[in-house]
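Novice: I'd like to go over a predicted model; first the sequence, then the structure.
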Amino acid sequence: MRGNMKRAILLQTLNLTKSKETALDSFLNSCLQLANSLFEQKKDCRTFMQFHRKVYLASKANTSLGSQTICDIERFVFRAKNGSKAITPKFNVPRNCGTFNAAKTFFVKFTIAPRKQIPIPILKNRNFQRFQSLFINGWQCKTFGLTFSKQIVAYLSEEEVALPQRKNILGIDCNSKSFAVSVITPEGKILKQSYFGKDIWHKRRKIFERKSKLQSLADKGSGRAIKSIKYLKRSERNFVKNRLGEVVREITNMALGYDADIAIEDLKRFNPKGKRFNKEVMRIPFYKFRILLAGRCFDKGITLNIVDSWHTSKWCSHCGALANGHSSSNYSLFKCKCGQIVNSDRKASLAIAIKSLLERSNQVFNQPDFFQISNRQVPVNELMRRNDEIVSNGAVHLEHSPSESQRL
């Protein structure tokens with residue numbers, strides 16, 4: 001596993017003087033005004049460089065902001081879809097930002113304008129202790145951000161290294177109601193199957209019902225109902241975030257207990273597609289779960305394998321053939337022509353674990369013609385999927401993709 005692991009830690013400032021608060025407020029307001037003024041000018045620009053050439057000189061002449069701050073605002077505007085009510089300018093070390101200690105106080109120094117620097121003292125709370133511990137353990141912090149509430153965001157990164165391969169594989173299937181996991185050995189023996197996070201779906205369903213009732217009152221002008229909706233949204237967001245962290249901790253502890261690497265589908269971030277879609281599908285934020293899982297795996301020295309999601313829900317673990325997937329009578333069941341009827345989520349987690357296991361086997365043997373045959377003459381360890389995704393005789397034939405075809 002190689003790449004860069006990134007984290008952001010919010011550092012709280014303490015006892016800012018009135019002059020510093022005034023200067024920071026003026027700086028943040030200037031950044032926000034510049035950002036909102038640039039939104040209308042990016043319509044005809046297809047690339048960032050076109051946008052940068054179009055607006056940079058005028059922005060530099062009309063504001064007292066530094067060049068790097070202007071470029072950071074341009075990137076924010078180019079990526080954003082609409083105007084913003086707040087913005088977090090970023091400062092790079094050592095170009096327009098730095099840190100130092102004085103009189104047992106840690107300071108972050110920002111250059112908010114050419115030849116104008118402001119040192120900001122940082123409160124030494126738990127977040128600061130976490131920031132220091134990561135920094136001591138080899139993490140680098142080359143960028144700081146300044147929020148509209150005048151708090152500091154420290155952006156840390158560390159290069160990931162290749163980890164030793166663990167014996168077994170733990171596969172995770174993410175769905176709208178829970179996380180299904182399966183632990184298998186290299187020989188294909190199932191060691192453990194379980195579910196996590198079922199309470200997230202039930203809790204959010206109750207919150208949705210409560211919010212719909214309050215919304216009907218809010219539409220009639222009830223100020224109390226509006227406040228209650230805001231409180232419910234905040235409590236729901238906090239509950240989901242905390243519960244996802246607990247689920248990630250439980251899954252990684254299980255992986256360590258079974259000496260297993262973790263495999264998960266290639267989950268993508270997608271935009272909401274309507275109220276009904278959000279209620280039914282997005283009750284568990286898959287992408288946020290993947291980010292939390294990657295960070296916890298990095299901390300505990302567990303390899304996180306990202307596998308292709310091709311046909312994980314349609315593959316039969318008994319005969320290796322492709323079925324229609326979910327049963328027509330019960331969506332939670334998988335039904336195959338060979339007679340196998342199993343829980344679809346548990347079977348999908350098993351398919352993900354097998355994909356990761358077969359990728360590992362292919363790396364070891366490095367033989368593209370090495371394969372096994374199940375009792376229905378289905379290749380079980382071909383790792384490549386053809387471009388046209390040909391399915392012959394109801395069996396999975398892969399090219400450039402992990403295989404789901406293996407009988408246990």
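Specialist: Nice, I can see it. Numbering: from 1, shown residues only.
Novice: Going by C-alpha atoms from here, please, whenever you check contacts or count neighbours.
Specialist: Will do.
Novice: What segments of the stretch 151-300 of the chain are strands?
Specialist: Ranges of strands within the stretch 151-300 of the chain are 152-160, 168-174, 179-184, 190-196, 260-265, based on DSSP state E, counting those that start in this stretch.
Novice: how far off strand 190-196 does the second one point, in degrees?
Specialist: This means strand 168-174. 30 degrees (axes from the mean of the first three to the mean of the last three C-alpha atoms, to 10 degrees).
Novice: Please identify the most buried of the strands of the stretch 151-300 of the chain.
Specialist: strand 168-174 (a mean of 28; mean count of other C-alpha atoms under 10 Å).
Novice: and that strand, how far from the chain's centre?
Specialist: Relative to its chain's centre, strand 168-174 lies at 17 Å (C-alpha atoms, centre = their mean, to the nearest Å).
Novice: Return the list of strands paired to it, each annotated with direction.
Specialist: strand 179-184 (antiparallel), strand 260-265 (parallel) (DSSP bridges).
Novice: hmm, who's touching that strand?
Specialist: The contact list for strand 168-174 (C-alpha atoms under 8 Å, 6 or more residues apart in numbering) reads 179-186, 255, 258-265, 286, 345-346, 348-354, 356-357.
Novice: try stretch 248-264
Specialist: Stretch 248-264 is contacted from outside by 165-173, 183, 289, 292-293, 296-297, 300, 302-307, 352-353, 356, using C-alpha under 8 Å, 6+ apart.
Novice: try stretch 95-111
Specialist: Outside stretch 95-111, the residues within contact range by C-alpha under 8 Å, 6+ apart are 68, 91, 112, 117-123, 143-144.
Novice: what about that stretch, average pLDDT?
Specialist: Averaged over stretch 95-111, pLDDT sits at 88.
Novice: which parts of it are buried?
Specialist: The neighbour-count criterion (16 or more other C-alpha atoms under 10 Å) identifies 96-98, 106-111 as the buried residues of stretch 95-111.
Novice: how about that stretch as PDB, C-alpha atoms only?
Specialist: Output of stretch 95-111 as PDB, limited to C-alpha atoms (Å, rounded to 0.1, in the frame of the first residue of the first chain):
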ATOM      1  CA  ARG A  95       6.400  30.500   2.000                       C
ATOM      2  CA  ASN A  96       3.700  32.400   3.900                       C
ATOM      3  CA  CYS A  97       3.300  30.500   7.100                       C
ATOM      4  CA  GLY A  98       5.500  29.200  10.000                       C
ATOM      5  CA  THR A  99       5.500  27.900  13.500                       C
ATOM      6  CA  PHE A 100       7.500  28.700  16.700                       C
ATOM      7  CA  ASN A 101       7.400  28.300  20.400                       C
ATOM      8  CA  ALA A 102       7.700  31.200  22.800                       C
ATOM      9  CA  ALA A 103       7.200  31.300  26.600                       C
ATOM     10  CA  LYS A 104       5.700  27.800  26.600                       C
ATOM     11  CA  THR A 105       3.100  28.800  23.900                       C
ATOM     12  CA  PHE A 106       2.900  27.400  20.500                       C
ATOM     13  CA  PHE A 107       2.300  29.900  17.700                       C
ATOM     14  CA  VAL A 108       1.300  29.700  14.000                       C
ATOM     15  CA  LYS A 109       2.400  32.700  12.000                       C
ATOM     16  CA  PHE A 110       0.400  33.700   9.000                       C
ATOM     17  CA  THR A 111       1.400  36.200   6.300                       C
END
